[in-house]
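> Next input, structure requested:
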Amino acid sequence: MKGCVMNMEEVKFAQLDHTQLEKINELEKKIGVTLVAYDAAAMPNQGSGSYETDKGAHQNHPS
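Okay, here's the model as predicted:
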């Protein structure tokens, strides 16, 4: 997503039990990805409290 800004109020968090975590681990292996989670309360304050993607990483370049 080019230039996507997401406010923390839009993000939903889940508390997962052991069985749910195992299912997620199985899914990660099946589709070949690693999902990353973090505790937002433990992250340093970034000013506005919102997350913005790196706009330069998504520019189209002619071949």
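> So, low pLDDT: which residues of this structure?
By pLDDT under 70, the weakly predicted segments of the chain are 1-11, 43, 45-63.
> again, 50 this time
58, 61, 63 (pLDDT under 50).
> Going along the chain, name the strands of it.
5-7, 50-52 (DSSP state E).
> Check the gap between the residue nearest to residue 24 when sequence neighbours are not counted and residue 44 for me.
Closest residue to residue 24 in three dimensions, ignoring its sequence neighbours and counting by C-beta to C-beta, 6 or more residues apart in numbering: residue 35, at 6.5 Å. (Glycine included, C-beta is placed from N, CA and C.) Going from residue 35 to residue 44 by C-beta to C-beta, to the nearest Å gives 22 Å.
> same question, residue 25
Separation of residue 25 from residue 44 (C-beta to C-beta): 28 Å.
> now residue 37
For residue 37 relative to residue 44 (C-beta to C-beta), the value is 17 Å.
> ok, now residue 30?
With C-beta to C-beta as the criterion, residue 30 and residue 44 are 34 Å apart.
> More neighbours: which of those two?
Ranked by neighbour count (other C-beta atoms under 10 Å), residue 30 and residue 44 place residue 30 first, with 8 against 5.
> ok, now which ones touch the more buried one?
Residue 30 makes contact with no residue, according to C-beta atoms under 8 Å, 6 or more residues apart in numbering.
> Nothing else from me, thank you.
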